[in-house]
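1. Model the structure of this input:
(2 chains)
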Amino acid sequence: DGGITQSPKYLFRKEGQNVTLSCEQNLNHDAMYWYRQDPGQGLRLIYYSQIVNDFQKGDIAEGYSVSREKKESFPLTVTSAQKNPTAFYLCASSIDGTATEQFFGPGTRLTVL
Amino acid sequence: DAKTTQPTSMDCAEGRAANLPCNHSTISGNEYVYWYRQIHSQGPQYIIHGLKNNETNEMASLIITEDRKSSTLILPHATLRDTAVYYCIVRPATSGTYKYIFGTGTRLKVLA
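-> From the prediction side, this is the model:
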């Protein structure tokens, strides 16, 4: 089955540690995205990538980093510089960067202790 | 970017039609209206989108007013599994316009 996988579903880390969230898609989509969601809020864009080896900052990129070395993978690193990292992180992909639907993964809930 | 306004919450009886309104009075001519929903602790799911004509698919219908300043998502026969947060989003159709602006959406509760 085609889709987007994120792992793990729940992640706990100590304050000051970097942590990398995985996102893989087998939909052959060019564009991939990372969003953050806080309780009772909508989604906010962290980073996006329209093509392999290229990515752009979204609205709240500070304290995060990404890479796009392969079309199917777009990992997100939450660094110790991110002041409030505890949140629900969602990865998405779309065929390209135009007005097409985005397919979302199941999300990773990160808790920093 | 055009913004949207939705009611915070709505209730609907199971089996009845759920009509979810959205105002987007600053929408531009090349911006589409998209609807997504998010069931608790899952990723959002695409429902439907449209430009100016009404649209229907197996999940829902989308009614866009003639002036395009508002729209209504219709779930014709709501079930308990339709309980979710519904997001109305407007987005340009041009290449490279990656951004969805998700507001806080409408929390729909379908009652048995």
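
2. which residue is nearest the centroid of chain B?
-> B:W35 (3.3 Å; C-alpha atoms, centre = their mean).

3. which residues touch that one?
-> Counting by C-beta atoms under 8 Å, 6 or more residues apart in numbering or on different chains, B:W35 makes contact with B:20, B:22, B:46-49, B:60, B:62, B:73, B:86-89. From N, CA and C alone the C-beta is placed, and that goes for glycine too.

4. which residues touch residue 14?
-> Just going to use chain A. Per C-beta under 8 Å, 6+ apart, neighbours of A:K14: A:112-113.

5. my bad, the chain I had in mind was chain B
-> Here B:E14 is in contact with B:78-80, B:110-112 (C-beta under 8 Å, 6+ apart).

6. Quick one: name the residues of chain A near chain B.
-> For chain A, the residues found near chain B under the criterion C-beta under 8 Å from any C-beta of the partner chain are A:4, A:31, A:33, A:35, A:40-45, A:48, A:50, A:56, A:58, A:88, A:90, A:92, A:96-99, A:101-107, A:109.

7. is the residue nearest to the centre of chain B in a bridge, and if so with what?
-> Note on B:W35: beta-bridge partners by DSSP bridges are B:I48, B:C88.

8. Need the buried ones from the contacts of B:E14 selected in PyMOL.
-> This is the PyMOL syntax for the buried subset of the contacts of B:E14, where burial follows 16 or more other C-beta atoms under 10 Å in any protein chain shown:
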select buried, chain B and resi 78+110
